[in-house]
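Asks: Sequence and computational prediction follow.
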Amino acid sequence: MFYDAIKLIIITEKLISRKVCEIIEEQGGKGYTMVPAGGRGLHHFHATDSRASVVDDFTELKIEVILSHRDRAEAIAEKIMTSLFQDYPGIIYLENVRVIRKERF
Amino acid sequence: MFYDAIKLIIITEKLISRKVCEIIEEQGGKGYTMVPAGGRGLHHFHATDSRASVVDDFTELKIEVILSHRDRAEAIAEKIMTSLFQDYPGIIYLENVRVIRKERF
Amino acid sequence: MFYDAIKLIIITEKLISRKVCEIIEEQGGKGYTMVPAGGRGLHHFHATDSRASVVDDFTELKIEVILSHRDRAEAIAEKIMTSLFQDYPGIIYLENVRVIRKERF
């Protein structure tokens, strides 16, 4: 009842998130989930000096897409990387997951 | 100091989330974490045409449960699937994790 | 273009989160992502009887750090466990991920 699938995770500024979602849809992603996010460091937009201000400041989105096929996940990741993340900071990574109802992904 | 465990992830509407949490507790889950979520696509409730409205609209919850035993994680997933997700959209999937303090999961 | 890496996940109260982030930085983490979180159970702060109050009550943070080296991830986890989580509840766990631009982690 469980099937191997790939979860693609993208963390980016809200402003860029619409373009990320367009790429996901164009490349055949059947849906995505978003959660509010913030952070510090090389990948983040608001790398302020004040740690305090970051804690409650969720100005980014973590976008998650589950896909049946690793090839498609990697293609979306590379498209986002080359189209958007040359100019903007952001994180992209992959995780192995096991899903129910594989046909939905 | 690290031990293999399974993380069960459920994404569902807030309205349904209480029933999801009841099933987790009935089936022996020792705790769960929730984060606000939203999304688009087959699994989501608010598959509106307006992408803009989704970005800041976290009307769902992502519920995460870590369990020591894969069998228990799968049993909870199948119970939620058959009890709730026949009628409601939602996502359920599993990930491998490594935990400290195994006895707490 | 994808490389193996480790994601370290810490769920803790906001009050403690600054100390968690200080440890991450001291131990060589190059950045971290935070999302709002809440929950119930052994690991959580607000294990209230009222399930209703928890659903919209995100008084904790889920902090995620991706690291190229497993040893460093485990060192940070153990430092947080021994320095902070003897006195405070919280969750720490690890996941395998695959990243682009390994030099950033």
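Replies: Now that the structure is in, tell me what you want to look at.

Asks: contacts and neighbour counts: CA atoms only from here.
Replies: Noted.

Asks: Would you map the strands across chain A?
Replies: With DSSP state E as the definition, chain A shows strands at residue ranges A:3-13, A:31-41, A:60-67, A:91-99.

Asks: For chain C, what's its nearest residue on chain A.
Replies: Each residue of chain A has a distance to chain C, by Cα to the nearest Cα, and the smallest belongs to residue A:41, at 3.8 Å.

Asks: nearest spatial neighbour of the residue of chain A found nearest chain B, skipping sequence neighbours?
Replies: Across chain A, the shortest distance to chain B (Cα to the nearest Cα) belongs to residue A:31, at 3.8 Å. Distances taken as Cα to Cα, 6 or more residues apart in numbering or on different chains place residue B:41 nearest to residue A:31, at 3.8 Å, with adjacent residues excluded.

Asks: and if you look at residue A:67?
Replies: Distances taken as Cα to Cα, 6+ apart place residue A:105 nearest to residue A:67, at 4.9 Å, with adjacent residues excluded.

Asks: What score does that neighbour have for pLDDT?
Replies: At residue A:105, the model reports a pLDDT of 86.

Asks: what residues are up against it?
Replies: Contacts for residue A:105 (Cα atoms under 8 Å, 6 or more residues apart in numbering or on different chains) come out as A:29, A:30, A:31, A:66, A:67, A:68.

Asks: same question, residue A:24
Replies: If a contact means Cα under 8 Å, 6+ apart, then residue A:24 has residue A:76 as its contacts.

Asks: Tell me the spacing between it and residue A:70.
Replies: Residue A:24 sits at a distance of 14 Å from residue A:70 (criterion: Cα to Cα, to the nearest Å).

Asks: Also residue A:38?
Replies: In terms of Cα to Cα, residue A:38 sits 27 Å off from residue A:70.

Asks: more crowded one of the two?
Replies: residue A:38 (26 against 17; other Cα atoms under 10 Å in any protein chain shown).

Asks: before we move on, back to that, from the contacts of residue A:105, which would you call buried?
Replies: Those of the contacts of residue A:105 that meet the buried threshold are A:29, A:30, A:31, A:66, A:67, A:68, by 16 or more other Cα atoms under 10 Å in any protein chain shown.

Asks: from the residues you listed, which two are the most distant?
Replies: Spanning the widest gap among the buried ones among the contacts of residue A:105 are A:31 and A:68, at 12.1 Å by Cα to Cα.

Asks: and which of the buried ones among the contacts of residue A:105 is nearest residue B:61?
Replies: Nearest to residue B:61 among those, counting by Cα to Cα, is residue A:31 at 15.8 Å.

Asks: The closest one and residue A:63 touch, don't they?
Replies: No: counting by Cα atoms under 8 Å, residue A:31 sits too far from residue A:63 to count as a contact (10.3 Å).
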